[in-house]
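Asks: below are the sequence and a predicted model for it; my questions follow.
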Amino acid sequence: MNNDSMEMPLKEAMNRLAIALDKILNGQDVLETGIRRTGFVLLLFPFNDATGNCNYISNGAEREDIMKMFKEQIEHFEKQQPQGGYNG
């Protein structure tokens, strides 16, 4: 997973999405107050690409915390029965 090669339009789109999502989840004044109740990580990856490239952005979570969350989420997914649809 390498985000060094991210194209500028995609990077700009991710930044705009992150700001919008942060405001939706944490209030329109979140950028001024810095008060957050909900954290998120937004992942984007190219379909039909075997390289494993994935870019992410969060609303302030530290990289180490994101890595811990991913590891815990993978464990959860591996124990869980596959489900249809978009929900996991």
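Replies: Noted; the coordinates are in hand. Numbers count the residues shown, from 1 in each chain.
Asks: mind listing the strands for the protein?
Replies: Secondary structure of the chain by DSSP state E: the strands cover 41-44, 55-58.
Asks: mind putting those in TSV, distance to Glu7 and mean pLDDT included?
Replies: For every residue, glycine as well, the C-beta is placed using N, CA and C. Shown next, in TSV, are the strands of the chain (distance: least, CB to CB, whole Å; pLDDT from 0 to 100):
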stretch	distance to Glu7	mean pLDDT
strand 41-44	11	94
strand 55-58	10	93
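Asks: what's the closest of those to Met8?
Replies: Proximity to Met8 (CB to CB) singles out strand 55-58 among the strands of the chain, at 12.1 Å.
Asks: number of nearby residues for the residue nearest to Met14 when sequence neighbours are not counted?
Replies: Nearest residue to Met14, sequence neighbours excluded (CB to CB, 6 or more residues apart in numbering): Ile57, at 4.8 Å. Ile57 has 18 neighbours, counted by other CB atoms under 10 Å.
Asks: same question, Leu43
Replies: There are 12 residues near Leu43, going by other CB under 10 Å.
Asks: over to Asp22?
Replies: Count around Asp22 with other CB under 10 Å applied: 20.
Asks: next, the contact list for it, please.
Replies: Counting by CB atoms under 8 Å, 6 or more residues apart in numbering, Asp22 makes contact with 30-31, 36, 40, 59.
Asks: Gly34 and His76, how far apart?
Replies: When distance is defined by CB to CB, to the nearest Å, Gly34 is 30 Å away from His76.
Asks: again, but for Leu10
Replies: Applying CB to CB to Leu10 and His76 gives a distance of 28 Å.
Asks: out of these two, which sits in the busier spot?
Replies: The residue with more neighbours, out of Leu10 and His76, is Leu10; 14 against 10, by other CB under 10 Å.
Asks: need the contact list for Arg36.
Replies: Contacts of Arg36 (CB under 8 Å, 6+ apart): 22, 25-26, 30, 59-60.
Asks: any idea what the residue nearest to Met14 is bridged to?
Replies: Taking DSSP bridges as the rule, Ile57 bridges to Leu42.
Asks: where does this protein have low pLDDT?
Replies: 1-6, 84-88 (pLDDT under 70).
Asks: cheers, nothing more for now.
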